[in-house]
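**Student:** Okay, sequence plus prediction incoming.
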Amino acid sequence: MAKGILTAKLGSRYDDVIEKQYHFPRTYLNQAKQMVNDWILYYEPSKVGKGISGKGRQSYFAIAKINSITEDQNIPNHYYAWISGYEDFANSVPLFLNKNLLESKLRKPDGSLNQGSIQRSVRIIPDDEFENILIFGFAMEQTFETNQISEPPAEYHRDIIQTVISRPVRDVTFKHRVREVYNSTCAVTGLHILNGGGRPEVEAAHIQPVGNGHNGPDSVRNGIALSRTVHWMFDRGMISLNNDYEILVASKKIEKQTKGIVTPGKPIYLPNDMRFAPHTQFLEYHRENIFRG
């Protein structure tokens, strides 16, 4: 087994849903096989795919585990890595920190970036470098605007993977990230309410639930910021969303109960950065398995 890095970008031509599956060509099969039953980090390059404007983050942004690899039955010489345990970082971690690369295999002898190495979408990483990136990713209060960080926070220790995949840490990270990308604003009502201590009233809801056999991932794309009452209705299937992000209400009877709170057919408020918008696979799961429509 070996720890690894998988490159994932907006507008990829591959059949990726990175919370569940990673699609890749035979070129990377040997490396990917070494990662089965071990952990990987997702990395977003600066280059984005066809039809996408702007630039990628050039950062590491999530942890996940490869469970198995199967051959693509439709495209010759292509494969799927099947993913579990996906979790977004609390902070995306830049490729360079303090002008130093966090992956030693990407460095040229002069310390600069090896362009050939960074273009490899599947690559193995030593355990200690993997853990350092992971620590930075879950340092909840850390920002990298000054690019002056050189060592991981001292309070972390060697069992970092078991720490960050524990349910309490997952819950805190998920809540933090979803509130952040929605600016602590309810996606359905548009309300931005802070309590007396300055804490937001809005809650982070999973679209495909985590518990009771639903096995939804702790991904921002499987999350939505909702006020407490709307969260309660969403979890009980009284409301849902179509793939155009418009509100659905389960029945005329329920529509009367929710009048004044939700408006059927109204588009929700979405994150400014659409890479964090709800993924259609999770919306479809909610409609098919939770929604009472």
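**Tutor:** Perfect, I can see it now.
**Student:** Which stretches in the stretch 151-293 of the chain count as helices?
**Tutor:** Secondary structure of the stretch 151-293 of the chain (DSSP state H, counting those that start in this stretch): helices located at 160-164, 167-181, 228-235, 252-258, 280-289.
**Student:** tell me, which of those is the model least confident about?
**Tutor:** Lowest mean pLDDT within those: helix 252-258, at a mean of 73.
**Student:** From the contact counts, what lies against that helix?
**Tutor:** Of the remaining helices and strands, none touches helix 252-258 by 3 or more CB pairs under 8 Å, 6 or more residues apart in numbering; DSSP states H and E. Placement of C-beta: from N, CA and C, glycine included.
**Student:** circling back: export the helices of the stretch 151-293 of the chain as TSV, with columns for distance to Gly211 and mean neighbour count.
**Tutor:** Below are the helices of the stretch 151-293 of the chain laid out as TSV (distance: least, CB to CB, whole Å; neighbours: other CB atoms under 10 Å):
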stretch	distance to Gly211	mean neighbour count
helix 160-164	19	16
helix 167-181	10	17
helix 228-235	11	18
helix 252-258	24	13
helix 280-289	13	18
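**Student:** Pipe those into TSV and attach distance to Ile124 per row.
**Tutor:** Shown next, in TSV, are the helices of the stretch 151-293 of the chain (distance: least, CB to CB, whole Å):
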stretch	distance to Ile124
helix 160-164	16
helix 167-181	26
helix 228-235	40
helix 252-258	51
helix 280-289	29
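**Student:** and of those helices, who's closest to Tyr14?
**Tutor:** Between Tyr14 and the helices of the stretch 151-293 of the chain, the shortest gap by CB to CB is with helix 280-289, which sits at 15.2 Å.
**Student:** For that closest one, C-alpha coordinates in CSV please.
**Tutor:** Provided in CSV are the C-alpha atoms of helix 280-289 (Å, rounded to 0.1, in the frame of the first residue of the first chain):
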residue,chain,number,x,y,z
THR,A,280,-26.5,16.7,-9.2
GLN,A,281,-25.8,13.1,-8.0
PHE,A,282,-26.5,14.1,-4.4
LEU,A,283,-29.6,16.1,-5.4
GLU,A,284,-30.9,13.1,-7.3
TYR,A,285,-30.2,10.9,-4.3
HIS,A,286,-32.2,13.2,-2.0
ARG,A,287,-35.1,13.3,-4.4
GLU,A,288,-35.2,9.5,-4.9
ASN,A,289,-34.6,8.4,-1.3
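**Student:** Can you pull out the residues in contact with that helix?
**Tutor:** 17, 20, 207-208, 214, 216, 221-222, 234, 240-243, 248, 293 (CB atoms under 8 Å, 6 or more residues apart in numbering).
**Student:** quick one, that helix and helix 228-235 angle?
**Tutor:** Going by axes from the mean of the first three to the mean of the last three CA atoms, to 10 degrees, helix 280-289 is angled at 80 degrees with respect to helix 228-235.
**Student:** How far does helix 280-289 sit from its chain's centre?
**Tutor:** Between the centre of helix 280-289 and the centre of its chain there are 17 Å (CA atoms, centre = their mean, to the nearest Å).
**Student:** For the chain, which residues score under the pLDDT cut-off?
**Tutor:** Residue ranges of the chain with pLDDT under 70: 51-52, 140-158, 196-198, 253.
**Student:** and the longest strand for this structure?
**Tutor:** Once the chain is assigned using DSSP state E, the strand that runs over the most residues is strand 78-94.
**Student:** now that one, how far from the centre of its chain.
**Tutor:** Counting by CA atoms, centre = their mean, strand 78-94 is centred 7 Å from the centre of its parent chain.
**Student:** who does it touch, helix- and strand-wise?
**Tutor:** Helices and strands touching strand 78-94, by 3+ CB pairs under 8 Å, 6+ apart, are strand 21-25, helix 29-34, strand 59-71, helix 127-137, helix 167-181.
**Student:** Name the residues of that strand that are buried.
**Tutor:** Buried positions in strand 78-94, judged by neighbour count with 16 or more other CB atoms under 10 Å: 78-81, 83, 85-93.
**Student:** And stretch 207-218, by the same measure?
**Tutor:** Result for stretch 207-218 [16+ other CB under 10 Å]: buried residues 207-209, 216-218.
**Student:** Which member of these is positioned nearest Phe136?
**Tutor:** Nearest member of the buried residues of stretch 207-218 to Phe136, counting by CB to CB, is Asp218, at 18.1 Å.
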